[in-house]
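>>> sequence plus the predicted model coming up.
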Amino acid sequence: MQLQQLVYFLAVARTRHFTRAAELTHVAQPSLSKQIQCLEHELGSELFHRARGNVTLTPAGEVLVPFAKRILADVETARLQVNELAELRQGRLRLGATPSLCTGLLAHALADFHIRHPGIQLLIDESGSRDLVRQLAEGAIDLAVITLPVHRGDPTLDTVPILREQLTVAVPRTLDLKVDSFRIEDLRDRPLVMFREGYDLRSMTLTACQRAGFQPRFAIEGGEMDAVLSFVEAGLGIAVVPSMVLQGRPQLRGVPFVPPPPVRTIALAHRTDVRPTRAAEEFRATLLRLFSGAHSHGSLPAGVEFISPSDAARG
């Protein structure tokens, strides 16, 4: 099995077309087809159903896709590690993070890292934790900042808690509330602005409401973080959000939950079967240093608590 064969295979799997895959990989179509046939012969199974104008993956092809992605990603990571110059003068960091963190604390860590290592290419993937865990497993990103717990039983994934954050209820400042705190039960008759499917905040809110014995009513659903906050500002409803995302949103205020408030735990995640790139290791150190310093100086946002590595190990 050759690496280039896997490149051709994934191109066909993505485009569902041999000619377009050949154009995408800059090779003649007959050569691409021949390499795919050689790969099928070596594996002892057809990878594609070939019908005129309709190329689809066989069950064997479906099985091969995630393995091919991981192999090629690992090869690229190895190439970068070998070619990285001393003192991190060049390289690449592929970082995944949830939208709420991208708009808050993470931006400061990335700015600090870029100042120290301007030659490192920064690639940021903003997505939900479940999607980021899948991308880590496939080798598409080097490091991720996700919400625990992880819903994937992958023994090659290691998570280190770094922050504990209270959830709050985002309401428009113009809303005349008769209460200064919420219980989960108080959400029963209020229209909620709800995140899209796959968002951890969505599942956390729904689970809490169901445990309280009711199904919440949605005013609108399907948004990312910025969209949800904008919908609340527009008066469409209220939303359960991390406390830190309300910074820089003067039209919103956070109404706390009755103690003990619901919390979420933020963690750094990486694969244990592949050594992190030097850029990933350095960014991890940068992130922990900044969070620790902010904790020491009392400058973390309200409702956010730093979890030191020693505390995480004891926990």
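Structure received.
>>> could you say which helix or strand holds residue 221?
strand 218-223 (DSSP states H and E).
>>> list the buried residues for that strand?
Buried residues in strand 218-223, counted by 16 or more other C-beta atoms under 10 Å: 219, 220, 221, 223. (Each C-beta comes from the backbone N, C-alpha and C, glycine too.)
>>> so where do the strands sit in this structure?
Assigned by DSSP state E, the strands in the chain fall at 48-51, 54-57, 91-97, 120-126, 143-148, 157-172, 192-195, 218-223, 239-242, 252-255, 263-271, 304-306.
>>> could you give the mean pLDDT of the longest one?
With pLDDT averaged residue by residue, strand 157-172 scores 93.
>>> now do the second one
Averaged over strand 54-57, pLDDT sits at 91.
>>> separation between residue 296 and residue 289?
Note on residue 296: its distance to residue 289, by C-beta to C-beta, to the nearest Å, is 11 Å.
>>> quickly list what's touching both of these two.
Residues touching both residue 296 and residue 289 (C-beta atoms under 8 Å, 6 or more residues apart in numbering): none.
>>> so what's the residue nearest the centre of the chain up against?
Centroid-nearest residue in the chain: residue 132, 3.5 Å away (criterion: C-alpha atoms, centre = their mean). The contact partners of residue 132, by C-beta under 8 Å, 6+ apart, come to 96, 97, 98, 125, 141, 144, 146, 269.
>>> mind checking how far the third one is from residue 163?
Counting by C-beta to C-beta, the gap between residue 98 and residue 163 amounts to 11 Å.
>>> and the buried ones among the contacts of residue 132, selectable in ChimeraX?
Remark: buried members of those, expressed as a ChimeraX selection using 16+ other C-beta under 10 Å:
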select :96,97,98,141,144,146,269
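>>> ok, so of the contacts of residue 132, who is nearest residue 7?
Set against residue 7, the nearest of those by C-beta to C-beta is residue 141 (19.4 Å).
>>> so what's the residue count around the closest residue to residue 61 other than its chain neighbours?
Counting by C-beta to C-beta, 6 or more residues apart in numbering, the nearest residue to residue 61 once its immediate chain neighbours are dropped is residue 47, at 3.9 Å. Neighbour count of residue 47, defined by other C-beta atoms under 10 Å: 23.
>>> the one 5 residues further on now?
Residue 52 has 5 neighbours, counted by other C-beta under 10 Å.
>>> and what of residue 298?
Applying other C-beta under 10 Å, we find 6 other residues in the vicinity of residue 298.
>>> what does the domain assignment say about this protein?
Residue ranges for each domain of the chain read 3-79, 86-156+266-291, 164-263, as given by automatic domain parsing.
>>> before we move on, back to that, how near is the residue nearest to the centre of the chain to residue 96?
The span separating residue 132 from residue 96 equals 4 Å under the rule C-beta to C-beta.
>>> repeat for residue 182
Here the criterion is C-beta to C-beta. By it, residue 182 lies 31 Å from residue 96.
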